[in-house]
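1. predicted structure and sequence below. I'll ask about it afterward.
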Amino acid sequence: MRKYITDFTIVEKKTYNDTYFSMKLRHPETLPSIAAGQFVEVEVPGNKHVMLRRPISIHDVDTVANTLTLLVQVVGKGTRTLSMLNEGDKLNLVYPLGHGFSIEGGKVLLVGGGAGIAPLLHLSKCFKAKGIQPTILLGGRTKSLIPIQKEFEPYGNVYFATEDGSLGEKGFVTQHTMFSTNYDHIYTCGPTPMMKAVARFAMQNNIECEVSLENMMACGIGACLCCVVDSDEGHKCVCKEGPVFNAKRLTNWINK
Ligand SMILES: Cc1cc2nc3c(=O)[nH]c(=O)nc-3n(C[C@H](O)[C@H](O)[C@H](O)COP(=O)(O)OP(=O)(O)OC[C@H]3O[C@@H](n4cnc5c(N)ncnc54)[C@H](O)[C@@H]3O)c2cc1C
Ligand code: FES
């Protein structure tokens, strides 16, 4: 698939709390087709200490308005610099990168945690467009760490799990009553221990499962090898062959 290096303009910025914000970015021309789970490499402007682009999932796509939305958690100097940008500022993206999720039929469960909920909005919209109503289970330590909640409601049946019980059921997503064997496909993105637990459960119960890895990245195009995962077929670049993998290809990683 062709990649683009393009300036976008920030047309809307929302701040959810101390750590999460989103930016809607508009391009003057028609956007290419973008699969749920693909990501962009964002150039961080105006900070000479941040040389490398940062990988961020494509949270939402509007092909009529030619906009992409990114949902970002501030964790370090790159994301903090991005959080200081405002509407009207320009942002240079390389996109769309990586392989996204497959959109399969049957009963579908999406499981997200932390910034890993970002690609699940575009994914849930893709399922809705195919006439599938996914179950969407979002988890976090506490309510404020699940930055977007209502946005998912038009696209599926949404449930929450928080460790302190401040939103939805108390506990981990894997302890939620909706986390069961009642699905044909499970799709997950979030903290590594959560994805491993979800993938292990799916494998044990013969449920198809796709995980979206968030390994550290530099080039984003398979050139520097800094993002490799130890898959069952050897080392694979997460940026190019992922970030989405079928869990069956990652039993080494799941059991490590
Ligand atoms: C394919 C992909 C999609 C991603 N999508 C999103 C997204 O939609 N929203 C979002 O907020 N974040 C996303 N991330 C994570 C994001 O890329 C990192 O948080 C960001 O690069 C950190 O940059 P920084 O300069 O702010 O932090 P740095 O100063 O580089 O690092 C600060 C801290 O964050 C840790 N860190 C850096 N990169 C990662 C990473 N990839 N995973 C876990 N910890 C990391 C570092 O170890 C360090 O402890 C994604 C990562 C990948 C690989
Ligand atoms: S980030 Fe360079 S090979 Fe994946």
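-> Perfect, thanks for sending it. Ligands and ions are numbered 1, 2, ... in the order given.
2. beta-bridge partners for Lys90, please?
-> Beta-bridge partners recorded for Lys90 (DSSP bridges): Thr9.
3. what number of residues lie near it?
-> As a burial measure, Lys90 scores 12 neighbours (other CB atoms under 10 Å). Placement of C-beta: from N, CA and C, glycine included.
4. going forward, count from 709.
-> Sure, I'll start numbering at 709, so the last one becomes Lys798.
5. hang on, isn't it packed against Asp715?
-> Yes - counting by CB atoms under 8 Å, Asp715 is a contact partner of Lys798 at 4.9 Å.
6. what residues does stretch 846-858 touch?
-> Applying CB atoms under 8 Å, 6 or more residues apart in numbering, the external contacts of stretch 846-858 come out as 724-725, 727-728, 730, 779, 781, 819-822, 825, 828-829, 860, 866-872, 874-875, 880-881, 884, 898, 902.
7. which parts of the stretch 859-964 of the chain sit against ligand 2?
-> Met925, Ala926, Cys927, Gly928, Gly930, Ala931, Cys932, Leu933, Cys934, Cys935, Cys945, Cys947 (CB under 6 Å from any ligand atom).
8. can you tell me which of these are in strands?
-> Judged by DSSP state E, strands contain the following of these: Cys945.
9. quick one: which of the residues of the stretch 859-964 of the chain next to ligand 2 is most hemmed in?
-> When neighbours are counted by other CB under 10 Å, Cys947 leads these with 27 neighbours.
10. so which of the contacts of stretch 846-858 are also by ligand 1?
-> Among those, ligand 1 is touched by Leu779, Gln781 when using CB under 6 Å from any ligand atom.
11. follow-up on the earlier one: the residues of the stretch 859-964 of the chain next to ligand 2 also near ligand 1: which ones?
-> Within these, those near ligand 1 by CB under 6 Å from any ligand atom are Met925.
12. could you work out the most separated pair of the residues of the stretch 859-964 of the chain next to ligand 2?
-> Distance extremes for those: the farthest pair is Gly928 and Leu933 at 12.1 Å, using CB to CB.
13. how about the residue positioned nearest the centre of the chain, secondary structure?
-> Centroid-nearest residue in the chain: Pro827, 3.1 Å away (criterion: CA atoms, centre = their mean). Secondary structure, DSSP: H, G, I helix; E, B strand; the rest coil: Pro827 is helix.
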